[in-house]
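Undergrad: structure, please.
(one chain, ligands or ions: 4)
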Amino acid sequence: MKLLDLINNLQVIKLDNKDELSNLEITSIEMDSRQVSEGSLFVCKEGLTFDGHQFIDDAVEKGAKAIVAQRPVKTNVPVILVPSTKQALAQLADTFYGQPSQQLSMIGITGTNGKTTLTYLLDAIFSKAHHKTAVIGTIDMKIGEKRYPVQNTTPDPLFLHKHLRLMLDEGVDTVIMEVSSHALKQGRVFGIDFDTAVYTNLSQDHLDYHPTMEDYAYAKSLLFAQLGNTYSKAKKAAIINSDDRYAELMMDATAQPIVNYSLDGSAVINVEDYNISPSGLTINLNTPDGPANITTKLTGKFNIYNILAAVGTAYQHNISLEVISEAIKGMEGVPGRFELVDSKQNFSVIVDYAHTPDSLENVLQTIDDLKEHRVITIIGCGGDRDRTKRPLMADAAMKYSDHVIYTSDNPRSEDPSAILADMTRHLRDDDEVFTVIENRREAIERAVQIAEKDDIILIAGKGHETYQEVNGERHHFDDREVAREMVQLRMSL
Ligand SMILES: CC(=O)N[C@H]1[C@@H](OP(=O)(O)OP(=O)(O)OC[C@H]2O[C@@H](n3ccc(=O)[nH]c3=O)[C@H](O)[C@@H]2O)O[C@H](CO)[C@@H](O)[C@@H]1O[C@H](C)C(=O)N[C@@H](C)C(=O)N[C@H](CCC(=O)O)C(=O)O
Ligand SMILES: Nc1ncnc2c1ncn2[C@@H]1O[C@H](COP(=O)(O)OP(=O)(O)OP(=O)(O)O)[C@@H](O)[C@H]1O
Ligand SMILES: N[C@H](CCC[C@H](N)C(=O)O)C(=O)O
Ligand SMILES: [Mg+2]
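TA: Ligands and ions are numbered 1, 2, ... in the order given. From the prediction side, this is the model:
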């Protein structure tokens with residue numbers, strides 16, 4: 001694309017050597033000098049670890065033909081000086097890839113917990129309604145039936161707009177994506193024309209990144225503010241959990257129609273009654289399209305909220321209650337979310353992704369309602385993440401478990417024993433209710449060794465993850481594999 005066409009709508013402060021630019025052809029936009037190739041436009045992004053401006057020489061050496069910067073820089077290629085490269089990056093990406101989000105039905109989901117689960121529910125429903133879907137989230141990116149790895153739950157603008165264009169070209173009509181608070185604060189979803197924004201809940205997480213819960217909540221509210229003020233023909237809406245304490249903040253942030261959902265009161269989508277069992281849920285709910293009876297293999301009261309959010313979103317997209325019910329009924333579980341490891345042993349092993357105080361409380365409350373004997377919980381906390389949640393997670397585990405084994409999750413650059421100390425230093429262990437085993441594999445082995453008939457072992461925090469991240473390296477580790485190996489070993493003895 002001609003550079004002058006690409007930057008036509010960009011607000012620039014200064015444009016050096018404009019005449020040299022007239023015939024410049026841009027082959028790609030990059031924000032990482034290591035990805036630059038001949039003909040790239042390099043955008044200097046100020047990050048949390050590095051400042052992109054320091055890599056201009058590297059970028060030019062690799063073939064960058066022009067630079068977008070937000071402060072004056074010296075280099076021998078044209079420099080486009082803008083007030084904010086964070087905003088310019090998204091606008092340039094949107095232009096370069098032909099504004100794909102405006103030709104797609106875009107559904108964005110935000111909240112502390114439930115986003116990934118909800119993407120699976122919505123993917124099942126929209127696929128059943130004969131939409132060609134794409135999903136972007138924590139586990140991976142799915143385009144039609146193909147799956148691709150992603151580095152972030154919500155990727156950067158270049159990755160997003162590039163892949164939205166690819167999805168459009170592959171006939172996708174509906175994109176379902178998780179939108180993290182990091183992404184909202186960093187402007188990763190700028191330029192994406194969302195049709196529907198969904199709010200699950202807010203509880204403590206990421207306070208290593210957000211200075212306060214208010215900052216965290218404000219970041220989430222940006223998704224609703226970014227739905228825009230115009231009542232376009234595209235019929236936008238905000239799907240909001242009325243029972244959550246931050247619901248009002250999200251509702252106040254948007255000009256768009258609100259489809260709220262609730263277990264406890266009047267809402268557009270509300271519940272008559274429900275039943276929770278080990279094998280799943282049945283929910284009788286009301287919608288403007290009439291009543292519906294929903295059954296699902298998902299279990300736990302928290303999943304009722306995920307179902308209501310899915311029903312509200314599908315209703316907003318004119319999908320019939322019959323298709324919604326059928327799709328949810330037929331949906332298998334979500335990888336690493338309340339996933340059973342069953343090798344015909346006489347006790348249960350559940351692997352779950354709960355890694356926040358609220359999600360751990362939710363999943364243990366569900367287990368508490370289902371249990372027939374003891375509960376043994378294995379839990380750790382991620383390194384380079386919110387340290388203040390560590391004792392809270394330890395307490396949640398103690399509150400519902402007969403025995404807890406504290407272990408490592410992804411230590412990352414932290415000392416695993418220091419993380420475990422953060423979790424357990426305030427605990428008293430008079431009745432030997434907990435042990436600390438730093439090695440996760442040994443922790444799972446111990447739990448399987450001590451399990452008695454009808455016990456439930458919960459292995460929490462990593463869910464679908466197939467790695468353990470230590471000092472920047474990801475070593476293969478899959479809770480489900482290790483649990484299965486240990487159970488089969490015990491059964492062979
Ligand atoms: C802390 C954080 O959020 N960092 C994110 C951020 O990186 P950054 O801008 O701080 O990058 P940086 O390393 O400081 O580099 C600054 C700039 O210099 C450039 N650079 C850097 C090095 C070089 O040699 N050359 C070069 O040009 C970089 O490309 C970048 O443009 O922007 C990047 C691009 O969008 C993200 O990939 C990166 O996510 C890191 C990997 C990360 O781990 N983030 C986690 C905390 C995160 O975002 N999690 C959320 C939610 C998780 C959940 O709850 O589900 C997520 O959405 O994944
Ligand atoms: N609606 C909910 N409310 C509270 N906890 C939930 C809810 N849905 C799922 N959980 C719990 O939170 C864990 C994570 O669920 P899920 O992966 O769907 O959330 P997420 O928002 O995508 O999380 P992340 O932001 O880490 O990607 C689940 O394993 C379960 O324990
Ligand atoms: N097992 C992971 C879960 C959190 C992953 C994601 N939510 C993030 O914060 O990057 C950890 O605690 O390290
Ligand atoms: Mg997720």
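Undergrad: now tell me which helix or strand of the protein has the poorest mean pLDDT.
TA: Within the chain, no helix or strand scores below helix 18-21, which has a mean of 74 by mean pLDDT, DSSP states H and E.
Undergrad: can you list the strands that the helix or strand that it is followed by pairs with?
TA: From helix 18-21 onward toward the C-terminus, using DSSP states H and E, the following helix or strand is strand 28-30. In its sheet, strand 28-30 lies beside strand 40-43 (parallel), with partners assigned from DSSP bridges.
Undergrad: what comes up buried for the helix or strand following the strand it pairs with?
TA: Reading on from strand 40-43 to the C-terminus, the next helix or strand found by DSSP H and E is helix 56-61. Within helix 56-61, the residues scored as buried using 16 or more other CB atoms under 10 Å are I56, A59, V60. (Glycine included, C-beta is placed from N, CA and C.)
Undergrad: measure how far the least confident helix or strand of the chain is from the centre of its chain, please.
TA: Relative to its chain's centre, helix 18-21 lies at 43 Å (CA atoms, centre = their mean, to the nearest Å).
Undergrad: from the rest of the structure, what touches it?
TA: Residues outside helix 18-21 that contact it (CB atoms under 8 Å, 6 or more residues apart in numbering) are L3, L4, L15, A66, P78.
Undergrad: got it, and stretch 408-425?
TA: Under CB under 8 Å, 6+ apart, the answer for stretch 408-425 is 355, 379-385, 387, 390-391, 393-394, 406-407, 434, 436, 438-440, 461-462, 465, 467-472.
Undergrad: and the protein, which residues reach ligand 1?
TA: Within the chain, the positions adjacent to ligand 1 are 31-34, 45, 47-50, 52, 55, 138, 151-154, 156, 180, 182-183, 186, 188 by CB under 6 Å from any ligand atom.
Undergrad: near ligand 4, from the residues you listed?
TA: Counting by CB under 5 Å from the ion, T138 from the residues of the chain next to ligand 1 sit close to ligand 4.
Undergrad: looking at the buried residues of helix 56-61, which is nearest D173?
TA: Distance to D173 across the buried residues of helix 56-61 (CB to CB) is lowest for A59, with 36.4 Å.
Undergrad: filter the buried residues of helix 56-61 down to the ones close to ligand 2.
TA: Of the buried residues of helix 56-61, not one also sits near ligand 2 (CB under 6 Å from any ligand atom).
Undergrad: contacting residues around F55?
TA: S33, F42, C44.
Undergrad: what is the nearest of those residues to ligand 3?
TA: The closest of those to ligand 3 turns out to be S33 (CB to the nearest ligand atom; 24.6 Å).
Undergrad: neighbours of that closest one, how many?
TA: 21 (other CB atoms under 10 Å).
Undergrad: for A183, same thing?
TA: By other CB under 10 Å, the burial measure for A183, its neighbour count, is 25.
Undergrad: three-state assignment of it?
TA: helix (DSSP: H, G, I helix; E, B strand; the rest coil).
Undergrad: gap between the nearest residue to it once chain neighbours are set aside and E61?
TA: With CB to CB, 6 or more residues apart in numbering as the criterion, A183 has its nearest non-adjacent residue at 3.4 Å, and that residue is T154. Counting by CB to CB, to the nearest Å, the separation of T154 from E61 is 31 Å.
Undergrad: repeat for D455
TA: 61 Å.
Undergrad: and what of K18?
TA: 24 Å.
Undergrad: do the same with Y406
TA: 49 Å.
Undergrad: same check, this time on Q35
TA: In terms of CB to CB, Q35 sits 13 Å off from E61.
Undergrad: cool, K2 as well?
TA: 24 Å.
Undergrad: the helix or strand harbouring D369 and ligand 2, are they touching?
TA: Using DSSP H and E, D369 maps to helix 357-370. Yes. Counting by CB under 6 Å from any ligand atom, ligand 2 has neighbours in helix 357-370: D358, S359, N362, V363.
Undergrad: likewise for stretch 249-266?
TA: No. Stretch 249-266 is not in contact with ligand 2 by CB under 6 Å from any ligand atom; minimum separation 11.1 Å.
Undergrad: just the pLDDT for the residue of the chain found nearest ligand 1.
TA: Per CB to the nearest ligand atom, G47 is where the chain lies closest to ligand 1, at 2.2 Å. On pLDDT, G47 comes in at 96.
Undergrad: can you pull the phi/psi pair for it?
TA: Main-chain torsions, G47, degrees, to the nearest 10: phi -110, psi -170.
Undergrad: lowest-confidence one in the contacts of helix 18-21?
TA: Ranking those by pLDDT, L15 lands last with 88.
Undergrad: from what I can see that residue touches V82, true?
TA: No. With contact defined as CB atoms under 8 Å, L15 does not reach V82; the gap is 9.8 Å.
Undergrad: which of these two has more neighbours?
TA: Between L15 and V82, counting by other CB under 10 Å, V82 is the more crowded of the two (25 against 16).
Undergrad: name the nearest residue to the more buried one, ignoring sequence neighbours.
TA: A88 (4.6 Å).
Undergrad: which residues touch that neighbour?
TA: Contacts of A88 by CB under 8 Å, 6+ apart are L10, V43, V68, Q70, V82.
Undergrad: and what of T388?
TA: Q204, L207.
Undergrad: in terms of pLDDT, where does it sit?
TA: pLDDT, read off for T388, is 94.
Undergrad: would you mind listing what in the stretch 201-350 of the chain touches ligand 2?
TA: So far as CB under 6 Å from any ligand atom goes, the stretch 201-350 of the chain lies against ligand 2 at N201, F302, Y305, N306, R337.
Undergrad: of the residues you listed, which is the most crowded?
TA: These, ranked by neighbours (other CB under 10 Å): first place N306, 29 neighbours.
Undergrad: flag the shaky bits of the protein, pLDDT-wise.
TA: Counting by pLDDT under 70, not a single residue of the chain qualifies.
Undergrad: quickly list what the nearest residue to S105 once chain neighbours are set aside is bridged to.
TA: Closest residue in space to S105, ignoring its immediate chain neighbours: T174 at 4.4 Å, by CB to CB, 6+ apart. Legend: beta-bridge partners of T174 under DSSP bridges are S105, T133.
Undergrad: what's the spacing between T174 and T133?
TA: 5 Å.
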